[in-house]
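Asks: Sequence below, structure please.
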Amino acid sequence: PETGLPVAPSRFGWTAVFADEIVSIARKRSDVVALTAAMLNPVGLAPFAEEFPERVFDVGIAEQHATTSAAGMAFAGLHPVVAVYATFLNRAYDQLLLDVGLHRAGVTFVLDRAGLTGEDGASHNGMWDMALLRTVPGLRLAAPRDEATLRQALNEAVAVEDAPTVVRYPKGALPEALPAHSRTGSVDVLARHAGESRVLVLGVGPHAATAVEVGRALNAQGIGSTVVDPRWVLPVAPELVELATAHDAVITVEDGLAAGGIGTAVRDALAAAGTDVPVRSHGIPGRYLDHASRAELLEELSLRGQDIAREAAAAVAALRRAGGEERARGPVTS
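Replies: The predicted structure is shown next:
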């Protein structure tokens, strides 16, 4: 009260990392331009505008116009970066699908406040984007888990010139760094636990940390697991399909719609590959969420690590019982 200063300094936020990295990219690439829709400061483009005022375009509250303009700029030899809140991309879906996606324009969309934003209210939860964007052929979508993977994803996204790319991240402070133990193709392996049954636990974006927590909890119950972060969640990487086929079950965790989201995309990719590994998707139900904090919503939606680990352990137990009954019946003869 005496100074007005916070008791503990807040961590560097996701938006601030984007603001810093996009300026760094623009210094190296004169073709990179930025667009937004009346949100220059909230999405972190103010430093870009200060250093490169002739390369930033604020079109006002007109996400559709920003998207179609970006497609035109791409074909004029630029690489546009369209920065908006995730929930506001809904307004420009048609333009993204038919002006950018159809023509394979090299445009990067940066979606701030993706996932559960809580106190911003029902309209601002960025929960629709991944299910919507799955329907855009050729689109590539990255969901970074920490500062390093956000910087990496942004650089990888602007290097793509023949398709739309999307980088999504949540609101608020950055989590602690979560380094990968190894990488298989584009998929980061975060942890491995030996055990009789093997579960592939997949965390999308900030839920990579949740997936690590789930892996630890399963390990405490004698259940083996491999914990992964795909980094680029769309399209589903072939290496992820290969990993899944070597496991007894797949658990996915995301703060987007469970129906039609990344878990569904993984299930569809496994089916297309001819494997019947079961997939349990944990995400947001298809309903409007009440005003609440992010922590309250995670608890209400059972998206905490302990909630998912409990359900995963029950699913593994059911698979074991089913396997035991199958062995007890013996081979089918005619």
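
Asks: So for stretch 111-120, mean pLDDT?
Replies: Averaging pLDDT along stretch 111-120 gives 91.

Asks: Show the end-to-end separation of it, please.
Replies: Chord length of stretch 111-120, first to last residue, is 16 Å (CA to CA, to the nearest Å).

Asks: Now it: buried residues?
Replies: By neighbour count on 16 or more other CB atoms under 10 Å, the buried set for stretch 111-120 is 111-118, 120. For glycine as for every other residue, the C-beta is placed from the backbone atoms N, C-alpha and C.

Asks: Max pairwise distance over those residues: which two?
Replies: Leu111 and Gly118 (16.7 Å; CB to CB).

Asks: one step back: let me know the closest of the buried residues of stretch 111-120 to Leu78.
Replies: Leu78 has its nearest neighbour among the buried residues of stretch 111-120 in Leu111, at 20.2 Å by CB to CB.

Asks: who touches that closest one in this structure?
Replies: 84-86, 89, 126, 129, 166-169 (CB atoms under 8 Å, 6 or more residues apart in numbering).

Asks: Could you measure from the residue sitting nearest the centre point of the chain over to Ala131?
Replies: With distances taken as CA atoms, centre = their mean, Ala143 lies nearest the centre of the chain, 3.1 Å away. From Ala143 across to Ala131, the span is 13 Å (CB to CB, to the nearest Å).

Asks: ok, longest strand in the chain?
Replies: Assignment by DSSP state E gives strand 249-257 as the longest strand of the chain.

Asks: What residues sit buried inside stretch 80-91?
Replies: So for stretch 80-91, counting by 16+ other CB under 10 Å, buried means 80-91.

Asks: hmm, back to that, using a markdown table, please lay out the contacts of Leu111 together with pLDDT.
Replies: Formatted as a markdown table, the contacts of Leu111 follow (pLDDT from 0 to 100):
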| residue | pLDDT |
| --- | --- |
| Val84 | 98 |
| Tyr85 | 97 |
| Ala86 | 97 |
| Leu89 | 97 |
| Gly126 | 93 |
| Asp129 | 97 |
| Val166 | 98 |
| Val167 | 98 |
| Arg168 | 98 |
| Tyr169 | 98 |
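
Asks: Including secondary structure and distance to Leu257, could those go into CSV?
Replies: What follows is the contacts of Leu111, written out as CSV (DSSP: H, G, I helix; E, B strand; the rest coil; distance: CB to CB, whole Å):
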residue, secondary structure, distance to Leu257
Val84, strand, 19
Tyr85, strand, 17
Ala86, helix, 12
Leu89, helix, 14
Gly126, strand, 11
Asp129, helix, 9
Val166, strand, 15
Val167, strand, 19
Arg168, strand, 13
Tyr169, coil, 17
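
Asks: tell me what the helix or strand containing Val214 is packed against?
Replies: Counting by DSSP states H and E, the element that carries Val214 is helix 207-220. Here helix 207-220 touches strand 187-193, strand 198-203, strand 224-229, strand 249-257, helix 305-329, going by 3 or more CB pairs under 8 Å, 6 or more residues apart in numbering; DSSP states H and E.
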